[in-house]
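In: After the sequence you'll find the predicted model.
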Amino acid sequence: MRRWSILLYVSLSLLLLGGCDASLAADRHDAERLLLIQTMGLDREDGHLVMSVSSGLGPDEKPSLVMSAAASGIEDAIARLQNYSPENQLFYAHVQYLLLGEQFAGSDLDQVIEWVDRSPTLRMDTNMLIVRGTARDAVVDSSEQATDITQRLASLDRQAQASGWSVRTLREVAAALAEGDGALCLTVRTAPSDGNVFTEDQRADAVVPAGYAILNGDGLAAFLSPEASLGAELLTGDPTGLLITVEGCTLELLGGSAEIDGRFAGDGAVEGLDIRCTLQAGLLEKAEDRSISPEKLNEALSGTVGEWVYEALDAAQQLGCDYLGLRRAALKSAPDKAAAGRAWGEAFPAIPISVTVDGIVERSYDLAE
């Protein structure tokens, strides 16, 4: 009896092991049926939502699957895309980049934030960018056999981080909007590769940064010029790596910071802001005019960046949208934070703001004195 009990136990164990192998094989087979979507674009055209997706390049350089569908809403678009998928089930848990076309960003930003927040697959830490034009054109025109939109966005993302630009996530944008102060989002545009790229199978449109967009509670409020975007980056982020051309010289920002202080009236209300920016830059390439002095270059750097900062501030006050976080910075030094906070909303568009920029160009010892 004991021998038979042992044999029965071993037999059951082998059966269970076989079941595990079968289960693993089934799971692997199911996984092989999934096609990972890596970039999603959303547009609003003629009253319809348009979703465009790209799977990215597959194993062995398999071309990406690029699709687009118009529907009544996001879930309906996902269902329509699945109906037209030539193979496998489209899987959205690995979306890396969410592109919003101009019109969608201006009218449906809340919709996509709420949908992703509820979604069991998409993540709030997905990188978000706004496209000048339509997201569909960016997804479709930037993809072909040897490259695709995801590769191009990943390259842009790496370059942006090294060059002082900030690619924000959907969570960062949503958090800034929830605080009621507005948010910044990097914008991109497509550009023809003809004349710059000569490899036959890699001539799809390039995707290049186009400055920042200002977002408020209603969605897309305005686009900043590239210069004003650099001023905004100095006030809100780390501009290290940004390239600036002044007096014919190419400079790289090695560091920068901004201090924001409020001036307060007797009743506690803010009556002015003082902003002092400090910059350190390195000389990368000299101008043809070798007679420029280090002192003149310092002045040119300070003056140029000061104009950009003022442009970014003017946009905030014109829109009544504190996307630069000025209120939070100013109230840190307020003697009566409650009084200053209550008066801020109405006062902000007309608050006098003074800006001082101290720029120093290091590694300029080889300029002629």
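Out: Arrived safely, thanks for sending.
In: For residue 253, give the beta-bridge partners.
Out: residue 281 (DSSP bridges).
In: in stretch 282-291, what's buried?
Out: 283, 286-287 (16 or more other CB atoms under 10 Å). (C-beta placed from N, C-alpha, C; glycine too.)
In: hey, C-alpha coordinates of that stretch in CSV?
Out: Taking Å, rounded to 0.1, in the frame of the first residue of the first chain, the C-alpha atoms of stretch 282-291 are listed here in CSV:
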residue,chain,number,x,y,z
GLY,A,282,30.3,78.2,-22.2
LEU,A,283,31.6,79.4,-25.6
LEU,A,284,31.3,76.7,-28.2
GLU,A,285,31.9,78.7,-31.4
LYS,A,286,33.3,82.2,-31.9
ALA,A,287,31.9,84.8,-34.2
GLU,A,288,33.8,85.9,-37.3
ASP,A,289,34.2,89.2,-35.6
ARG,A,290,37.1,88.3,-33.2
SER,A,291,37.0,91.8,-31.6
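In: Just the ones in strands from the buried residues of stretch 282-291, please.
Out: Using DSSP state E, the subset of the buried residues of stretch 282-291 located in strands is residue 283.
In: As a markdown table, the buried residues of stretch 282-291 with distance to residue 152 would be great.
Out: Converted to a markdown table, these look like this (distance: CB to CB, whole Å):
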| residue | distance to residue 152 |
| --- | --- |
| 283 | 31 |
| 286 | 33 |
| 287 | 33 |
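In: a markdown table please, covering the buried residues of stretch 282-291 and showing distance to residue 133 and pLDDT.
Out: Output for the buried residues of stretch 282-291, formatted as a markdown table (distance: CB to CB, whole Å; pLDDT from 0 to 100):
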| residue | distance to residue 133 | pLDDT |
| --- | --- | --- |
| 283 | 37 | 90 |
| 286 | 38 | 85 |
| 287 | 35 | 76 |
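In: Domains in this protein, by residue range?
Out: 31-223, 227-369 (automatic domain parsing).
In: Could you give the separation of the last one from the chain centroid?
Out: So that's domain 227-369. Distance of domain 227-369 from its chain centroid, counting by CA atoms, centre = their mean, to the nearest Å, is 21 Å.
In: repeat for the first one
Out: Centroid displacement of domain 31-223 relative to its chain, using CA atoms, centre = their mean, is 11 Å.
In: where does this protein have its least confident helix or strand?
Out: When the helices and strands of the chain are scored by mean pLDDT, DSSP states H and E, helix 2-32 comes last with a mean of 45.
In: In a strand, residue 124, correct?
Out: No - Residue 124: not assigned to a strand; according to DSSP: H, G, I helix; E, B strand; the rest coil it is coil.
In: thinking it is in contact with residue 116, fair?
Out: Yes - counting by CB atoms under 8 Å, residue 124 does reach residue 116; the two are 5.9 Å apart.
In: These two: which has the busier surroundings?
Out: residue 116 (21 against 16; other CB atoms under 10 Å).
In: which residues sit in contact with residue 82?
Out: Contact analysis of residue 82 by CB atoms under 8 Å, 6 or more residues apart in numbering lists 89-90.
In: Check it and give its pLDDT.
Out: Residue 82 is assigned 94 on the pLDDT scale.
In: ok, it to residue 291 distance?
Out: Separation of residue 82 from residue 291 (CB to CB, to the nearest Å): 66 Å.
In: how about the helix or strand hosting residue 213: buried residues?
Out: Using DSSP states H and E, residue 213 falls within strand 206-216. For strand 206-216, the buried set under the neighbour-count rule, 16+ other CB under 10 Å, comprises 206-207, 209-216.
In: Turn those into JSON lines, including pLDDT and distance to residue 231.
Out: Output for those, formatted as JSON lines (pLDDT from 0 to 100; distance: CB to CB, whole Å):
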{"residue": "206", "pLDDT": "81", "distance to residue 231": "25"}
{"residue": "207", "pLDDT": "87", "distance to residue 231": "24"}
{"residue": "209", "pLDDT": "89", "distance to residue 231": "15"}
{"residue": "210", "pLDDT": "92", "distance to residue 231": "16"}
{"residue": "211", "pLDDT": "92", "distance to residue 231": "11"}
{"residue": "212", "pLDDT": "95", "distance to residue 231": "10"}
{"residue": "213", "pLDDT": "97", "distance to residue 231": "15"}
{"residue": "214", "pLDDT": "97", "distance to residue 231": "13"}
{"residue": "215", "pLDDT": "96", "distance to residue 231": "17"}
{"residue": "216", "pLDDT": "93", "distance to residue 231": "19"}
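In: from those, which is closest to residue 73?
Out: Here the nearest of the buried residues of strand 206-216 to residue 73, counting by CB to CB, is residue 215; it sits at 21.3 Å.
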